[in-house]
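# Take this sequence and fold it.
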Amino acid sequence: MQAGGLGAVLDAAGVFFVPVCEDLGFTRSEISLYLTFYFIATVFAMPVVGKWITKFNVNRLLSVSFALVVAAVAAMGLYTQPWQWWVSGVVFGLAGSFIFVVPAPILIDNWFKKHKGLALGCAMSFSGIGGAVLSPVFTLLIETFGWREAYMLAAVVMAVLVLPWTLFVFKLHPEDIGWKPYGWTEEDERREKLRVAEHRDLPGVPVSKALKTVPFVCMFLFAGLIAYFAGFNSHLPGFAQSVGFSAMVGSSLLTAVMVGNVVEKFIVGWLNDKIGVQFTVNIQLAMVALGFLGFILAGDNLVLLYVSAFLFGAQNSLVSVSTPLLIRQIFGERDYPAIFAYARIGTGVIGCLGPVTVAGVFDVTGSFLPAFALGIVIVVLGFVAVHVAYAFRTKLHWVDEAAGAGAGVAGTKAEAVGAEAGGLPEEAEAGAGASRAGKTGVGSGVPRAGAEASRSEAENGAGDAK
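Numbering: from 1, shown residues only. Have a look, this model is predicted:
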């Protein structure tokens with residue numbers, strides 16, 4: 001799903017920009033606006049994504065959504081005007097929101113009790129694998145058949161990669177096929193039965209309260225700032241050509257980003273389990289900044305360009321791995337899918353500016369270097385947003401409610417988990433049981449993925465980030 005979805009539809013999209021613009025006479029700002037419309041459309045889709053995934057049959061919902069995405073890609077092969085690409089961008093935002101980023105964290109949270117960070121990193125790495133493999137494949141198709149036929153063939157490839165899984169394989173909960181989450185133990189079973197018997201809800205911050213807090217504002221901004229980086233992905237092939245390299249070198253530069261994306265997602269997932277999500281995010285932001293600096297200094301040094309592209313690949317893992325882990329650690333399991341979906345609105349509000357402003361900088365200045373400098377500034381802003389969120393994290397009031405018995409406040413975050421230690425993803429946010437995302441939170445009115453069964457997680461005095 002990640003390879004044929006996020007990897008093929010968005011990460012590999014940049015290889016089409018130059019041939020389309022050269023053939024139809026568009027500016028890069030005009031063609032890249034469809035990615036801006038994609039981000040804007042996600043703003044309207046995200047509030048319902050978390051609810052619909054838990055409300056409707058997941059196989060039908062994901063399959064219909066991706067079928068619409070595939071149709072929008074194929075239609076690009078027929079387009080003649082920029083606004084038509086923008087329409088496809090809207091479809092990507094509305095339908096793709098059910099495929100590209102949100103479902104994987106929810107499914108992983110349901111299916112894994114242990115090693116959630118590593119599992120999420122592995123799953124999301126396939127967007128990078130898809131982008132790395134399909135970028136040169138799409139370039140070869142364009143050179144062989146032309147960009148119009150290449151769009152049609154790309155749509156077929158995407159459908160073959162994704163639809164068999166969404167139609168026949170994915171299940172929202174392991175209990176749907178009589179399984180338990182990976183790492184589930186007899187102690188977890190005992191704790192879960194106790195939690196159900198006592199009618200206790202999950203520990204965490206109710207969504208209605210979370211949306212009014214400083215940490216949520218910071219996560220909203222962070223999700224948007226790091227999504228801005230996606231605007232550079234689609235222009236890297238054009239950047240390579242602007243400094244004198246061929247189209248194939250340009251697509252290979254995007255492949256280097258995707259290779260970095262894959263490797264770094266594996267490493268990031270593992271690091272989140274071992275050293276905590278906040279420290280891991282600092283490492284990722286540093287890698288992105290070094291990537292931008294390398295692009296600025298590389299000139300015609302192809303080796304430095306490839307190294308910089310590899311480092312820049314860390315921005316993909318920030319979006320798809322670390323953001324859900326940060327949100328789950330800061331706000332807990334209680335209304336995690338809803339809070340995550342609302343924070344992802346920031347992706348659309350701020351991220352929509354990325355593709356068009358990067359293209360606009362090139363159209364005005366004839367160079368991508370000022371845009372890379374702006375990228376470094378955005379890295380710094382992202383670092384500040386995360387640290388402010390953690391500074392206010394201890395002021396959050398976590399709730400562990402008993403159904404029918406009113407709200408029992410577990411106290412501040414610090415009281416719930418003990419001393420602040422950065423939090424390990426496999427540890428509990430509070431000393432109460434945590435279920436799979438999807439059970440309706442008492443008093444919140446917002447569904448979380450996984451209504452039938454709950455999981456408890458061991459109390460280790462630190463945060464559970466997903």
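
# Now the helix or strand hosting Val257: buried residues?
Here Val257, judged by DSSP states H and E, is contained in helix 247-275. Within helix 247-275, the residues scored as buried using 16 or more other C-beta atoms under 10 Å are 247, 249-273. No exception for glycine: its C-beta is placed from N, CA and C like everyone else's.

# again with stretch 353-368
Neighbour-count burial for stretch 353-368 flags Leu353, Gly354, Pro355, Val356, Thr357, Val358, Ala359, Gly360, Val361, Phe362, Phe368 (criterion: 16+ other C-beta under 10 Å).

# Which of those residues sits closest to Val70?
Proximity of these to Val70 (C-beta to C-beta) peaks at Pro355, which lies at 21.3 Å.

# which residues touch the closest one?
Ser32, Leu33, Leu35, Thr36, Ala230, Gly231, Ser234, His235 (C-beta atoms under 8 Å, 6 or more residues apart in numbering).

# State the mean pLDDT of the one helix or strand it maps to.
Per DSSP H and E: Pro355 is located in helix 353-365. The pLDDT scores in helix 353-365 average 85.

# next one: stretch 275-286
What stretch 275-286 shows for mean pLDDT is 92.

# Okay, helices next: where are they in the stretch 201-350 of the chain?
Assigned by DSSP state H, counting those that start in this stretch, the stretch 201-350 of the chain shows helices spanning 207-210, 214-228, 230-233, 236-242, 247-275, 277-298, 302-312, 314-317, 323-331, 336-343, 345-351.

# contacting residues around the fourth one?
Going back to what we said before, that points to helix 236-242. 14-15, 17-18, 28, 246-247, 249-251, 253-254, 257, 295, 305, 309, 362, 366-368.

# centre of the chain versus that helix, how much separation?
25 Å (C-alpha atoms, centre = their mean, to the nearest Å).

# Rounded mean pLDDT for that helix, please.
85.

# Extract the CA atoms of it and return them as CSV.
Presented in CSV, the C-alpha positions along helix 236-242 are these (Å, rounded to 0.1, in the frame of the first residue of the first chain):
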residue,chain,number,x,y,z
LEU,A,236,14.7,17.4,-7.3
PRO,A,237,14.7,16.0,-10.9
GLY,A,238,14.3,19.6,-12.2
PHE,A,239,17.0,20.8,-9.8
ALA,A,240,19.5,18.3,-11.2
GLN,A,241,18.7,19.4,-14.7
SER,A,242,19.0,23.0,-13.8
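
# buried set for that helix?
Neighbour counts using 16+ other C-beta under 10 Å place Leu236, Pro237, Gly238, Phe239, Ala240, Ser242 of helix 236-242 among the buried residues.

# quick one: which of those residues is nearest to Lys395?
Using C-beta to C-beta, Leu236 is the member of the buried residues of helix 236-242 that lies nearest Lys395, at 40.8 Å.

# how close does that closest one sit to Asn110?
Separation of Leu236 from Asn110 (C-beta to C-beta, to the nearest Å): 35 Å.
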